[in-house]
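> here is a sequence together with a model predicted from it:
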Amino acid sequence: MKVVDTIALKEWAVAIDALEAGEQIVIMRKGGIIEETRDFKLESNAFFLFPTYEHQKIELLKDVYQLRLESITQATDVQKVTVTLTSYAEVVADLEVNSQEELNRLFPYHIWTEYFAEERLKWKRAKPLHVLILRIFKLERPIELPILDEYNGCKSWISLKIELPEGVEMSPVLSETEFEAQNKLISELISHG
């Protein structure tokens with residue numbers, strides 16, 4: 001697989017950690033506060049995951065992930081001037097969730113509390129909640145880059161200002177069989193209930 005995009009999706013560092021561990025294959029989006037349209041739009045089907053730290057809230061995570069957030073936060077310098085990219089994602093599906101019932105069926109398959117997920121669904125009620133099913137690839141060698149001013153702010157997508165090393169190597173977090181089993185299960189929960 002050859003990486004050609006330099007686009008990244010911003011996500012909580014603790015969520016990226018769970019994705020890289022194969023503990024979930026979904027993320028949820030409605031849009032960033034300073035997004036151009038204030039709605040989420042899938043700008044690319046393949047992207048780097050850019051870890052963010054400022055909006056992670058311990059009370060919005062299931063108990064087991066609260067300890068992980070504490071560990072990640074303690075290991076992170078708040079005055080960071082660089083960021084380390086460790087994973088790449090391919091979107092397999094962009095599912096729209098419109099009801100609390102659909103959202104409740106997803107509860108076992110992500111790291112967030114019911115409150116967090118419910119609030120995401122209720123925000124801008126007329127718009128659906130996007131549940132992205134992602135195939136995650138772990139980079140063999142992490143990429144460190146400076147944090148530029150344009151990376152900051154409440155927006156989902158950023159364009160990275162880097163030249164990628166020749167031949168970025170990566171491997172899937174889950175086997176094809178493991179991933180397809182989860183993908184099928186989650187897709188059916190949303191489409192059929």
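Received, thanks. Residues are numbered from 1 along each chain as shown.

> can you give me the pLDDT of residue 34?
With respect to pLDDT, residue 34 scores 45.

> pLDDT weak spots in this structure?
For the chain, the stretches with pLDDT under 70 are 1-5, 31-39, 54-56, 70-79, 115-118, 120-126, 163-167, 192-193.

> let's see it at 50
Within the chain, the segments meeting pLDDT under 50 span 1-5, 32-37.

> can you give me the strands for it?
For the chain, strands defined by DSSP state E occupy the ranges 7-12, 26-29, 46-52, 82-97, 129-146, 157-159, 170-172.

> the fifth one pairs with which strands, parallel or anti?
When you say that, I think you mean strand 129-146. strand 26-29 (antiparallel), strand 82-97 (antiparallel), strand 170-172 (antiparallel) (DSSP bridges).

> just say which of those strands is most tucked in.
strand 26-29 (a mean of 21; mean count of other CB atoms under 10 Å). Every residue, glycine included, has its C-beta placed from N, CA and C.

> need the strands of the chain in JSON lines (columns: distance to residue 18).
As requested, these are exported to JSON lines (distance: least, CB to CB, whole Å):
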{"stretch": "strand 7-12", "distance to residue 18": "9"}
{"stretch": "strand 26-29", "distance to residue 18": "10"}
{"stretch": "strand 46-52", "distance to residue 18": "11"}
{"stretch": "strand 82-97", "distance to residue 18": "11"}
{"stretch": "strand 129-146", "distance to residue 18": "10"}
{"stretch": "strand 157-159", "distance to residue 18": "21"}
{"stretch": "strand 170-172", "distance to residue 18": "16"}
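
> residues touching residue 135, list them.
25, 89, 90, 92, 172, 174, 179 (CB atoms under 8 Å, 6 or more residues apart in numbering).

> if the residue nearest to it when sequence neighbours are not counted is in a bridge, with which residues?
The shortest distance from residue 135 to any non-neighbouring residue, by CB to CB, 6 or more residues apart in numbering, is to residue 90 (4.6 Å). Note on residue 90: beta-bridge partners residue 46, residue 135, judged by DSSP bridges.

> if I look at residue 90, how far off is residue 151?
Distance from residue 90 to residue 151, counting by CB to CB, to the nearest Å: 22 Å.

> many thanks, I have nothing further to ask.
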